[in-house]
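Student: everything below, folded, please.
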Amino acid sequence: MSSSKAPPKKESILELTKMVDSIVRVKCLGGRELKGVLKGYDELVNLVLDDTDEFLRDLNNPNTITGKTRKLGLVVVRGTQVSLVSPEDGMEEIANPFIATTEEEIMDGGV
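Tutor: Down below sits the predicted model:
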């Protein structure tokens, strides 16, 4: 006899519901960064963003983001490309504690 009992549905660890209708910053695989109003999402983390701006990267150093943006408007970001979603409010860049910053730290092996 086979059991018709379905396995319990797993809850997502993402709490994107709190961020709906607020400005979010999305980092994608490949380095693309977007900022827009989160209008919706699904269980695959496909995102719908409105009033979206893309942060342009430096042509000489693709890892560096310039201060320039371009307007994209309403976009759908495929979940397989999303690596980070964070609220824009309260977000600030901090120094990487794992990078040696002085010559002495480099010589001491980062200690």
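
Student: use CA for all of it now, contacts and neighbours both
Tutor: Noted.

Student: so who does residue 68 touch?
Tutor: 55, 56 (CA atoms under 8 Å, 6 or more residues apart in numbering).

Student: pretty sure it is in a strand, no?
Tutor: Yes - judged by DSSP: H, G, I helix; E, B strand; the rest coil, residue 68 forms part of a strand.

Student: look at it and report its pLDDT.
Tutor: Residue 68 carries a pLDDT value of 93.

Student: now it: how far from residue 87?
Tutor: Applying CA to CA, to the nearest Å, the value for residue 68 to residue 87 is 20 Å.

Student: same check, this time on residue 72
Tutor: Distance of residue 72 to residue 87, computed by CA to CA: 19 Å.

Student: just residue 98 next, same as before
Tutor: 25 Å.

Student: give me the more crowded residue out of the two.
Tutor: A count of neighbours by other CA atoms under 10 Å puts residue 87 above the other of residue 98 and residue 87, at 19 against 8.

Student: right, and that one touches residue 19 too?
Tutor: Yes - using CA atoms under 8 Å as the test, residue 87 is close enough to residue 19 to be in contact (6.9 Å).

Student: residue boundaries of the strands in this structure?
Tutor: 23-28, 33-41, 47-57, 65-77, 82-87 (DSSP state E).

Student: make CSV out of those strands and add distance to residue 93.
Tutor: Shown next, in CSV, are the strands of the chain (distance: least, CA to CA, whole Å):
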stretch, distance to residue 93
strand 23-28, 12
strand 33-41, 14
strand 47-57, 15
strand 65-77, 12
strand 82-87, 12
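
Student: so which of those strands is nearest residue 5?
Tutor: Proximity to residue 5 (CA to CA) singles out strand 33-41 among the strands of the chain, at 28.4 Å.

Student: low-confidence ranges, this structure, go.
Tutor: 1-4, 6-14, 91-92, 100-111 (pLDDT under 70).
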